[in-house]
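Asker: Build me a model:
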Amino acid sequence: MRKEVYNLEFSRNCPDLTIFGYQFTRVDDYQNRITSLQHLITSYSEFEIHANTGKHAVTAYVEIPEHEQEAALAWAYSSETALSDILLLLSIFTRRDVFAVDNAIDDDTGKVIIADPRLYPSGGVLGASIPYEKRLIDPTDPLSGYNIGFEKCLNQIYELIGTEEWKQKYQRGYLLFLAQQAFRSRSPDIAFILCWIIWEHLFAVLNHEWLPEDRLRRIHSSDKVAFLFVKSEIKDNITEENRRQIEKWIKIRNRLVHFGSFPEVDPKNSAKHSSEYDSVYDDVISFIRFTEFIIAKILKLSPSHALNTKKMDDFLKV
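Answerer: Okay, here's the model as predicted:
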């Protein structure tokens, strides 16, 4: 049995990939299908792809194993299989809503796609954190290779999240559902708040065995953020300078939650107004990136610094 898969983008030259027994292969007209997805910039890699608004497209088939295992993650319905988990991981790591159906959805079926066809603006740290490993398609042609590291890494991640220890520690990976919601195409303020929920959730699940619920709620946000930086081994210790940056994030969070906007800046001086807004925006992006760092750590990856902002580098070095 096989299903049609929407929006899966393969690595350059990669013909197929197998994750936990599910084999994904390109459709015959993959080039036309992949170029029809949303692309925000014009690029020249395996294919010439021009920036475009984009749409959903069937880009792959997935062969279903004869005996499917139940899902490892905390889906709402117990009927979900491991394929649902894998599609979620593919969505997060390729930064597109990847989903599978028995038959392609077209105008004659009466069905409607509710998934978002747009590229995720966030989550890039996770994809960049996957180690590159080259496999040659033609041993005589050094340019024929592709990154087999993506397939290997996702299999390792799925093996990890399927262990009883990981599922118990992280409540069957609910943080991954939150991550997909945060990384999807949203304005930075909404992404920031959704990332904040991830931090609150992680602090709770990592401390619920020894802290009652009312005590969890009363702990100051700065202590929660500091705890997760140290617990995730992103920082060995939190300095006073780090505390000041954490307080900036808290000020942004409080302003967004209570007033629906970023902290007020001086509107009278246009130059100062622009500078202050840029500073707040940088704080927002750095917090989103650090959320990606923590998730990478939870999935046993070494977070990539390719997308670091200056504020991230300043935070990490003090």
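Asker: so what's Asp107 scoring on pLDDT?
Answerer: pLDDT, Asp107: 52.
Asker: Domain map for this protein?
Answerer: The domain map for the chain lists 2-166, 186-317, with the assignment taken from automatic domain parsing.
Asker: Specify the stretch among the ones you listed that is closest to Leu178.
Answerer: domain 186-317 (4.9 Å; Cβ to Cβ). Backbone N, C-alpha and C define where each C-beta goes, glycine included.
Asker: would a markdown table of the domains of the chain with distance to Ala179 and mean neighbour count be doable?
Answerer: Shown next, in a markdown table, are these (distance: least, Cβ to Cβ, whole Å; neighbours: other Cβ atoms under 10 Å):
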| stretch | distance to Ala179 | mean neighbour count |
| --- | --- | --- |
| domain 2-166 | 6 | 16 |
| domain 186-317 | 6 | 16 |
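Asker: can I get those domains in CSV with distance to Gln180?
Answerer: Supplementary listing: these in CSV, determined by distance: least, Cβ to Cβ, whole Å:
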stretch, distance to Gln180
domain 2-166, 6
domain 186-317, 10
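Asker: just so I know, which of those lies nearest Phe177?
Answerer: domain 2-166 (7.4 Å).
Asker: tell me how far the ends of the closest one are from each other?
Answerer: 30 Å (Cα to Cα, to the nearest Å).
Asker: Go ahead and confirm Val318 touches Glu241.
Answerer: Yes. Shown here, Val318 and Glu241 form a contact pair, counting by Cβ atoms under 8 Å, at 4.5 Å.
Asker: OK, contacts around the residue lying closest to Ser45 once chain neighbours are set aside?
Answerer: Of all residues not flanking Ser45 in the chain, Arg12 sits nearest, at 5.3 Å (Cβ to Cβ, 6 or more residues apart in numbering). Residues counted as contacts of Arg12 (Cβ atoms under 8 Å, 6 or more residues apart in numbering) are 45-46, 146-147.
Asker: quick check, nearest of the residues you listed to Val62?
Answerer: Of the contacts of Arg12, the one sitting nearest to Val62 (Cβ to Cβ) turns out to be Tyr146, at 18.5 Å.
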